[in-house]
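A.B. asks: Sequence below, structure please.
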Amino acid sequence: MRVRFVLSEILEGLRRNTAMTVSVVLVTFVSLVFVGAGALLQLQIGALKDYWYDKVEVSIFLCTAESETPTCTAGAANPDQKEQIVEALESPTLAPYVQSHEFESQEQAYQRFTEQFEGTSIGDAASADQLNESFRVKLVDPTQFQAVAQYFTGVDGVEEVLDQRRLLDRFFAVLNVFTAVSGGFAVVMTIAAALLIATTIRLSAFNRRRETGIMRLVGASKAVIQLPFLLEGVIAAVIGAALASVTLWAAVRFGVQGWLTSTLPLFSWIGTREVWLVTPGLFVAGVLLAGISSLVTLSRHLKV
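C.D. replies: Numbers count the residues shown, from 1 in each chain. Reported below is the predicted structural model:
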């Protein structure tokens, strides 16, 4: 009997405040979309880091005849200097940091360069003797770049030590900015959703003040009186969370896995599995948002 009464009160409240309930659903939906998008973007950044950091190399560029750095005053790197670099990479000092190393000649560097810039004016203008010979070093831990860089800085025959990871860090920094922007929108929309839920509950309590008054007189408990109002906000938030989850799933399924994967197949992209990981958090966030907003409002505007 009590369950039937609570359900009837919930349906009556939703019927009387249809417009406000729809507004709560939509605002909750938008706010949770931003929350979910921010979480998925962080998962995507993590996937890209794992993918690219595992492939990045440290490049030890050797001096050419035209190099002007202080370590290249003797001209192009000679065979002895190259052998010393190999011995250093395989020495007990650097061996714990180095997974593998490979020498790249000017001809190999030119072939790689022309493949990357094929059909462009830059690719047509370059020649093999303009490019550096180099050692491509793969590290056990890419974050330990400084150990290799410091060792070869100032060594005769070495023009520059370049870490590809530094270039990727700039790219990931841009993605983190997008995450922060998404988080900012999520905060704003969450505040708007909380205020709208509070307003809806307040109006519902005002419209049913006669019924709640009668319930007080017949001895209904505080929980029985407040529960229908609380569940109204929770139901609206759950619907908003469900819509947000479906939207994120569709965006990842057809946008990321569909379009992006076919357009940029070399990248590691998140899939619908990550959406299912985020989805429970969206429902929890929606329920907590509605529950807290409703309880605060009921404590102020529904005296029992």
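
A.B. asks: I figured residue 298 was touching residue 205, is that so?
C.D. replies: Yes: the pair residue 298 and residue 205 qualifies as a contact (CB atoms under 8 Å) at a distance of 7.0 Å. Any C-beta I mention is one placed from the backbone N, CA and C, and that applies to glycine too.

A.B. asks: These two: who's more crowded?
C.D. replies: Per other CB atoms under 10 Å, whichever of residue 298 and residue 205 has more neighbours is residue 298, with 23 against 20.

A.B. asks: Please, where are all the helices along the stretch 151-300 of the chain?
C.D. replies: 164-207, 209-217, 222-250, 261-263, 272-301 (DSSP state H, counting those that start in this stretch).

A.B. asks: hmm, back to that, mutual contacts of residue 298 and residue 205, please.
C.D. replies: Common contacts of residue 298 and residue 205 (CB atoms under 8 Å, 6 or more residues apart in numbering): residue 229.

A.B. asks: ok, back up a step: could you dump the helices of the stretch 151-300 of the chain to TSV with distance to residue 69?
C.D. replies: Shown next, in TSV, are the helices of the stretch 151-300 of the chain (distance: least, CB to CB, whole Å):
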stretch	distance to residue 69
helix 164-207	19
helix 209-217	82
helix 222-250	51
helix 261-263	40
helix 272-301	46
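
A.B. asks: closest one to residue 20 among those helices?
C.D. replies: helix 164-207 (4.3 Å; CB to CB).

A.B. asks: which helices and strands does that closest one pack with?
C.D. replies: With contacts defined as 3 or more CB pairs under 8 Å, 6 or more residues apart in numbering; DSSP states H and E, helix 164-207 has these neighbours: helix 2-16, helix 18-53, helix 222-250, helix 272-301.

A.B. asks: for the stretch 101-250 of the chain, what are the low-confidence residue spans?
C.D. replies: 116-125, 167-168, 208-209, 211-225 (pLDDT under 70).

A.B. asks: Try it again at 90.
C.D. replies: By pLDDT under 90, the low-scoring segments of the stretch 101-250 of the chain are 106-132, 138-151, 153-154, 161-236.

A.B. asks: what's the closest non-adjacent residue to the residue sitting nearest the centre point of the chain?
C.D. replies: The centre of the chain sits closest to residue 42, judged by CA atoms, centre = their mean, with a distance of 1.7 Å. Leaving aside its chain neighbours, residue 42 sits nearest to residue 179 (5.8 Å; criterion: CB to CB, 6 or more residues apart in numbering).

A.B. asks: how close does the one you found sit to residue 172?
C.D. replies: As judged by CB to CB, to the nearest Å, residue 179 and residue 172 stand 10 Å apart.

A.B. asks: what sits in contact with each of the two?
C.D. replies: Joint contacts of residue 179 and residue 172 (CB under 8 Å, 6+ apart) are residue 45.

A.B. asks: ok so, going back, can you convert the helices and strands packed on helix 164-207 into CSV and add a column each for distance to residue 127?
C.D. replies: CSV is the format used below for these (distance: least, CB to CB, whole Å):
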stretch, distance to residue 127
helix 2-16, 75
helix 18-53, 30
helix 222-250, 50
helix 272-301, 46
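
A.B. asks: To residue 257, which of these lies closest?
C.D. replies: Nearest to residue 257, of all the helices and strands packed on helix 164-207, is helix 272-301, at 7.1 Å by CB to CB.

A.B. asks: Determine the set of other helices and strands touching the closest one.
C.D. replies: helix 18-53, helix 164-207, helix 222-250.

A.B. asks: quick one: which of the helices and strands packed on helix 164-207 has the weakest pLDDT on average?
C.D. replies: Confidence, taken as mean pLDDT, is least for helix 2-16 of the helices and strands packed on helix 164-207 (a mean of 63).

A.B. asks: okay, now residue 153: neighbour count?
C.D. replies: Residues within reach of residue 153, counting by other CB under 10 Å, total 12.

A.B. asks: Looking at the backbone only, give me phi and psi for it.
C.D. replies: With angles defined as degrees, to the nearest 10, residue 153 sits at phi -70, psi 130.

A.B. asks: Contact partners for it?
C.D. replies: Here residue 153 is in contact with residue 161 (CB under 8 Å, 6+ apart).

A.B. asks: same thing but at 10 Å, please
C.D. replies: For residue 153, the contact set (CB atoms under 10 Å, 6 or more residues apart in numbering) comprises 71, 146, 160-161.
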